[in-house]
Every structure is written in structure tokens, then in C-alpha cells.
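>>> model this:
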Amino acid sequence: MTQSRLIMLAVIFCFSAGCRKTQETTGAESEKKTAAADRTAQQAPQPQKSVDVSSNRFRYQGEIIDSHTLITPLDQSIDKALGVFEQLGIVKFCNKNGGFLGHPRFAATVNIKKRLGDRFEFFANLAWMGVNSPDWGMREAERLKREVKMGAKGLKIFKALGLTVRDAEGKLLHVNDPRLDPVFKAAAGLNAIVAMHTGDPKAFFEPVTPANERYDELSAAPDWSFYGRDYPSREQLLTERNEVLARHPDTMFLLIHLGNNPEDLDYAAQVLEKYPNVYMDTSARVPEIGRHPPEKVREFFIRFQDRILFGTDFGVSPHGMHLGSLSKKPPTFQDAVNFYKAHFRYFETGEKQIDHPTPIQGNWKIDAANLPDEVLKKLYYDNARKLIFERTMNI
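Numbers count the residues shown, from 1 in each chain. You can find the predicted model right below:
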């Protein structure tokens, strides 16, 4: 494996830390890191530059919110991301990897919020250590209350739930485990959103052979394969997730990656129909969404135009950028701009057999959806503004 490939893997694994393990830092080391993060993040808000974005746009010329980013909460990473956003007319963004209260990442994220004000929102994450304790759920519910008071608009649960988090006997924690019920109930009381990443692409549950359509991606990141061992089926994970939705009708859920089943638009539609407490986003799944006939995609987005948010999984860390997945070589600034432009081309034009935003996810072309103007405005801006940025918290 090349050095550049290893660098990019390190970046992605850093972003996915909530999936594989929760990093714990205690005592003097934690205090030292938190203080350093505070010093780094406490800067006055920078005025947004006036940039002509028309050359990077297609039909839609309005403002855009990226509702799903994974940017390390350090000034150098945030500034790099802002440079990309300014070229594209992305005026607000939401980080889904805010960490948990007591960890340096959370403190740094709060300070980025102070710096950027209403241009930035974030979701907190669960701390899985001590999950076997009888009071773990109540402890995390109380932690969420404090996190919301400090600015979090919701809680993001990574795919670790159901796939890597284990109990004292070494058994995987189920997605519908009742230990999480106090957290979901607390979110409802706080008017906080629960974003859930459950399972993964269908190909990640199939043998990793050249016949697997995600072979390049899984070969570069073998840890992303959930084939064999004691992993539950993808269908079981989604069924358990839906049981959670039904059990907590007063909690607002944001099912990222188009409900974690973009391979099946009918399934996504059924979930939205059955559970009025559910929203979805498009993050890192345009390659899959675009494989459906454009007429079907257009009908889906029109039908659920008030409940789908634009998101990309765009990330930046001190080591580089993350464009929805791995990259075969370290991405450049222009690569990041082109990554967003590929999304815009898909949603806004009627072009046939175009490249999708993340080539390593699959060697296929997609047909653009050509969404109506009013649907684009809701997808790109209005839905995230209403659901996240203008959300009134009960604190």
C-alpha cells in the first residue's frame, strides 16, 4: 500500500473513531489537550469573503447548507473547509462528530461554535465506556442534557451500535437494546435530533472478492467489511433500527445516508411514510442514489421534499481531506470543489452517464436527477435550516 493511501486511511479511520472505538483521555493529559484545543479555537469570527460562485454552480444559485460534515475542530482544518465552502456558496455547515462532554474534541467543537456563530452547528456523540453498567443509559441521558445546554443540536450515533460495541460477555450490543431508551427519551424532552448510522452499504456485508462491486474500497479499508464472524445481517440491523423509531415516536430521528439503504428507494419511501418522526440526508450516497432511474429519483425527492437534507460527509483533518470515502491519492483543494460540483451536477442537471462524486465507491456512471427549483431550495437549504439551524432546544 502506498504512503499516500496510508495517510488517507488514517484520516478516514480518525473520522470513523466513533464507529470502531471511543477514545478515552483522562487526568492531566485530558486537561492539557482541552486547554490546547481551547487556545487554538478561540479566535474572533472571520467575515465571509465575497466570492463569485457561479462558475462552480449549475442551475441553482442560492445559498447552501451542508448538513453532514466531519471536520476536525481545529482552526487550520476549519479554515481549509471554509475556503472550499466560499468557492461554492455553502454558507452554513453541521459537524456530526462533536465528541462527548469530557473529551477534548467536544471542548474544541464548542469553541468552534463560539467562533463561527450561526454558520456552524454540531451533534454530540455517545461515550460507550461503561455500557455494561446498569446506570449507563441514564448517565448518557444526563450527559446529553449538558451537551445540549452547551450548544449541541442533537446526538449522532455511529454504526458502532450493532457492529462493534460489545457487552461484558463480548456480545454485540443490538441497535434496539433497551439500555439506550433513556437517551432517546431525553432527546425527545430536549427537542434534540438523533442522527443514526445503522449498518453500511450492501456490498460491505458480502465476501470481499473481485466480484464485490466495492472491492477497491474494501481492499483499501478491510476493516469496513462486515462479512462473516458474528456480525448481524444488514436486514437485521435495519429492522432493529425501525423498532427504535416505532418505540420512540416523540423523538426526531435523522437517518443519514438516505436511511442507510439508498440501494432501495422503495424501502426508504416506506420508512418515511410509516414514521413521521424521521428525516433523511444524502451524505456519501449519491453514487448509490444515482443508479436508480432518474424519473424514480425525481419522484422520490418531490414526494418527500420537506424531509430530505443535503449532506456530503465532507471532512478535513490536519492530515488531509475526506471526500465521502477513501481517495486513491491525497485530495487537493480543487478535488474538494469538484466533489461538491459532482453533487450539484447530479441534482440540478439532466445529464446522462456522468461521473459520481466518489469514484472509489464503485466503477459506474449515473444519470442526473434534474430536480425542480423549489425542491432544490428545500434540499440544499430550507430543510436543514428548519430542522437543525433554527431548532429551539428545551433547556
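>>> tell me which stretches of the protein form strands.
With DSSP state E, the ranges of strands along the chain come out as 64-71, 90-95, 120-125, 154-157, 193-196, 252-255, 278-281, 308-309, 314-317, 320-323.
>>> for Thr109, find the nearest of these.
strand 120-125 (5.1 Å; CB to CB). Any C-beta I mention is one placed from the backbone N, CA and C, and that applies to glycine too.
>>> now the strands of the chain in CSV, with mean pLDDT and mean neighbour count?
Output for these, formatted as CSV (pLDDT from 0 to 100; neighbours: other CB atoms under 10 Å):
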stretch, mean pLDDT, mean neighbour count
strand 64-71, 98, 26
strand 90-95, 98, 23
strand 120-125, 98, 26
strand 154-157, 98, 28
strand 193-196, 98, 24
strand 252-255, 98, 24
strand 278-281, 98, 25
strand 308-309, 98, 25
strand 314-317, 97, 24
strand 320-323, 96, 24
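>>> Lys113 is nearest to which of those strands?
Among the strands of the chain, the nearest to Lys113 by CB to CB is strand 120-125 (5.6 Å).
>>> got the contact list for the closest one?
With contact meaning CB atoms under 8 Å, 6 or more residues apart in numbering, strand 120-125 is reached by 18, 22, 92-101, 106, 109, 112-113, 143-144, 147-148, 151-158, 193, 195, 388-389.
>>> output it as PDB, nothing but the C-alphas.
C-alpha atoms of strand 120-125 as PDB (Å, rounded to 0.1, in the frame of the first residue of the first chain):
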ATOM      1  CA  PHE A 120     -22.000  26.300  12.400                       C
ATOM      2  CA  GLU A 121     -23.900  23.700  14.400                       C
ATOM      3  CA  PHE A 122     -22.900  20.300  15.700                       C
ATOM      4  CA  PHE A 123     -24.100  17.000  17.100                       C
ATOM      5  CA  ALA A 124     -22.600  15.200  20.200                       C
ATOM      6  CA  ASN A 125     -21.700  11.500  20.300                       C
END
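>>> quick one: it to strand 64-71, angle?
Relative orientation of strand 120-125 versus strand 64-71 (axes from the mean of the first three to the mean of the last three CA atoms, to 10 degrees): 40 degrees.
>>> partners of strand 120-125, with directions?
The strands beside strand 120-125 in its sheet (DSSP bridges) come out as strand 90-95 (parallel), strand 154-157 (parallel).
>>> chain center to the last one: distance?
For strand 154-157, the distance from its own C-alpha centre to the chain's C-alpha centre is 10 Å (CA atoms, centre = their mean, to the nearest Å).
>>> what does it contact?
18, 96-98, 123-126, 144, 147, 183, 187, 192-197, 254, 256, 388.
>>> and for stretch 260-279?
For stretch 260-279, contacts defined as CB under 8 Å, 6+ apart pick out 193, 196-202, 238, 241-242, 245-246, 248-255, 258-259, 280, 285, 288-289, 291-292, 296-297, 300, 303-304, 307-309, 383, 387.
>>> tell me which entries of those residues lie within helices.
Using DSSP state H, the subset of the contacts of stretch 260-279 located in helices is 238, 241-242, 245-246, 258-259, 288-289, 296-297, 300, 303, 383.
>>> tell me if I'm right that Leu173 and Gly162 touch.
Yes. Using CB atoms under 8 Å, Leu173 is in contact with Gly162, at 7.1 Å.
>>> coming back round to it: any chance of TSV for the strands paired with strand 120-125, columns distance to Ser327?
Below are those laid out as TSV (distance: least, CB to CB, whole Å):
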stretch	distance to Ser327
strand 90-95	20
strand 154-157	23
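>>> identify whichever of those strands lies nearest to Leu371.
strand 90-95 (17.8 Å).
>>> please tell me how far Val53 sits from Val91.
10 Å (CB to CB, to the nearest Å).
>>> do the same with Ala141
To Val91, Ala141 is 33 Å away according to CB to CB.
>>> with Ser327 instead?
Note on Ser327: its distance to Val91, by CB to CB, is 26 Å.
>>> counting neighbours, which of the ones in helices among the contacts of stretch 260-279 comes out on top?
Within the ones in helices among the contacts of stretch 260-279, neighbour counts (other CB atoms under 10 Å) peak at Gly259, which reaches 29 neighbours.
>>> residues touching that one, list them.
Neighbouring residues of Gly259 by CB under 8 Å, 6+ apart: 267-268, 271-272, 278, 280.
>>> show me the residue at the heart of the protein, geometrically.
With distances taken as CA atoms, centre = their mean, His68 lies nearest the centre of the chain, 4.5 Å away.
>>> between the ones in helices among the contacts of stretch 260-279, which is nearest Asp177?
Using CB to CB, these come closest to Asp177 at Arg241, 11.6 Å.
>>> how far away is that closest one from Asn191?
Using CB to CB, Arg241 is found at 21 Å from Asn191.
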